[in-house]
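**Q** Give the three-dimensional model of this entry:
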Amino acid sequence: MLVMKFGGTSVGDAAAIRATAVLIQQARQGWQDVVVVVSAMGSQPLKVTDLLLQGAEVAAETWRPEAANQQPPISRLDHSVSQLRAIHAAAAHSLLDAAGERPALLAEIDAILGRYEGLCRAGRVLGELTPRALDAIAGMGEQISARLVAAYLRQVGVPAQAVDATELIVTDDRFGAATPLWPETEARVAERIRPLLAAGIMPIVTGFIGATQTGVPTTLGRGGSDFSAAILGRTLQADEVWIWTDVDGVKTADPRLVADTQTIPQLTYREVAELAYYGAKVLHPQTIRPCLEGGIPLRVKNTFNPEHPGTLIVPDAATSNGVGLKAVTAVKDLSLITVAGKGMLGVPGMAMRAFGAVAQTQAHVLLISQASSEQSICFATQAKVAQPVLDRLAHEFAPELQRRDLDGITAQQDVAIVTVVGKGLQRQPTLAGQVLTALGQRQVNVVAMAQGATDCSLSLVVQGGDTETAVAGIHHLLVGNGNGYAAL
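**A** Numbering: from 1, shown residues only. I've put the predicted structure just below:
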């Protein structure tokens, strides 16, 4: 069994859907069962999910009649609905015969967009759109694209049926970033998908979305269609999961920061998890876990260059790659927060109190570094939450600050985490030294650093303005010997 996920650009317009259908037909020739997951149409410059959310947000705006050159929100909502209808209708007219499935599909598109408009207008009346309403809205693009792809496949002779993942993936009620409930999801998938496969019908499943146990729509977070494919791969015990995107696989660096990137032929789950966590955009960060737990190889391929083998992601024990650096990535727009003072020395529970306070703000901590003297601890978090974190820490440590047991709680703004990923960073002492030397030669100052316990990542905090220089310097080191990574 093969589970294939096609991203927004892979179903971005009629031409892309035709190319995707060819890849699906080819997969059917080599695999007994194929399950397809699709994202919303990613038409450029108009991405359907962005249009849906923009229209919703506009509808809930407070409008001031005196605002110059600004249409009332409902007029702008009407414009968004017209754009959404035009994008999908153009694809339907290009792909489907007028005497075939086109009229029925156009009617379904109108029904979905009618529900969308109704939710937006309800938000207008209430003056806000709740996270629950936004999740219901955000997944409508996938609902349309799954129906469009399935209809076109049927037209070219492939038995296919669109399936809403709200019928399959059962989640908690954390709207915007829901977590699957595995036993319930496994039961739903077995009940809904396996009979289709047994009947020779290919399921075309909506990515990105799920539903609570009571049927309320949820989303898995932006980019969650990758996660959807991994969930289906695990619950169906698939042999492989393929993620089709618009690049040739996982790159040695972000092409927007480095010109001479290369595709990495093979990575371990652990390595790609570090890359996804620290900013690489190829995979949704949670995609890895279901495949890892199911022992399922994951391949990243390019819809527009299907002959390229892409990147194969395998369990740690399955790779024969030697020690070496493989990729470098970066996360920008961060703050480095430091809690320091002689009163921390030898006092139990200081770190627990600090991170307990941070947890109360719902802030995400990306890196932690502590001095061996225990007199300071610093951590990186997103810049937009730095002030609430500082306020909460000041409240938590008010007695220590008043007694001057703490020198202060400060935030260094505009920093970035640059992470180099590879094997043997703990076992090969020269690797970390080479990385630091490469940065020093380019006058990049390292503010803080932390090494992952998994032996495959080294993270360095640098000034935000040095991010591109740091990434380029490390990338030159890891591709310098011409084989794609600095194997030693």
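**Q** What does the pLDDT read for residue 434?
**A** Residue 434 carries a pLDDT value of 90.
**Q** Tell me how many other residues crowd it.
**A** A total of 18 residues lie near residue 434 under the criterion other CB atoms under 10 Å. Heads up, the C-betas are built off the backbone N, CA and C, glycines and all.
**Q** Distance of it relative to residue 203?
**A** Residue 434 sits 48 Å away from residue 203, going by CB to CB, to the nearest Å.
**Q** Tell me the secondary structure of residue 379, please.
**A** strand (DSSP: H, G, I helix; E, B strand; the rest coil).
**Q** Just the pLDDT at it, thanks.
**A** Confidence at residue 379, expressed as pLDDT, is 97.
**Q** Same question for residue 486.
**A** 43.
**Q** now do residue 321
**A** 52.
**Q** Then the one 4 residues further on?
**A** At residue 325, the pLDDT value in this model is 85.
**Q** any idea how far residue 230 is from it?
**A** 26 Å.
**Q** Also residue 331?
**A** Taking CB to CB, one finds residue 331 at 22 Å from residue 230.
**Q** who's more crowded, these two?
**A** Using other CB under 10 Å as the criterion, residue 331 and residue 230 rank with residue 230 on top: 30 against 20.
**Q** which residues sit in contact with the more buried one?
**A** Counting by CB atoms under 8 Å, 6 or more residues apart in numbering, residue 230 touches 241, 286-291, 296, 298.
**Q** Wait, a helix at it?
**A** Yes: the assignment for residue 230 is a helix, going by three-state DSSP.
**Q** how much space is there between it and residue 9?
**A** 20 Å.
**Q** picking up where we left off before, among the contacts of residue 230, which lie within strands?
**A** 241, 298 (DSSP state E).
**Q** Mind putting the contacts of residue 230 into TSV with neighbour count, distance to residue 424 and pLDDT?
**A** Shown next, in TSV, are those (neighbours: other CB atoms under 10 Å; distance: CB to CB, whole Å; pLDDT from 0 to 100):
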residue	neighbour count	distance to residue 424	pLDDT
241	30	27	97
286	21	26	86
287	31	25	89
288	25	20	88
289	15	24	90
290	22	27	94
291	25	23	93
296	23	25	95
298	26	23	95
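**Q** Among the contacts of residue 230, which one sits closest to residue 386?
**A** residue 286 (25.1 Å; CB to CB).
**Q** I'd assumed residue 225 was in contact with that closest one.
**A** No: using CB atoms under 8 Å, residue 286 is not in contact with residue 225, being 11.6 Å away.
**Q** remind me which residues of this protein are low pLDDT?
**A** 44, 61-74, 317-323, 373-374, 453-454, 481-488 (pLDDT under 70).
**Q** So which residue of it lies furthest out from the middle?
**A** Most distant residue from the mean C-alpha position of the chain: residue 403, 44.7 Å away (CA atoms, centre = their mean).
**Q** for the residue lying closest to it once chain neighbours are set aside, helix, strand, or coil?
**A** Sequence neighbours aside, residue 343 is the residue nearest to residue 403 in space, at 7.2 Å (criterion: CB to CB, 6 or more residues apart in numbering). Of the three states, residue 343 takes helix under three-state DSSP.
**Q** hmm, who's touching the helix or strand containing residue 124?
**A** Element membership of residue 124 [criterion: DSSP states H and E] is helix 102-126. Residues outside helix 102-126 that contact it (CB under 8 Å, 6+ apart): 52, 55-56, 59-60, 73-74, 77, 81, 84-85, 88-89, 92-93, 96, 129, 133, 136-137, 140, 143-144, 147-148, 151.
**Q** Drop anything exposed from these.
**A** Among the contacts of helix 102-126, those buried by neighbour count (16 or more other CB atoms under 10 Å) are 52, 55-56, 59-60, 73, 77, 81, 84, 88, 92, 96, 129, 133, 136-137, 140, 143-144, 147-148, 151.
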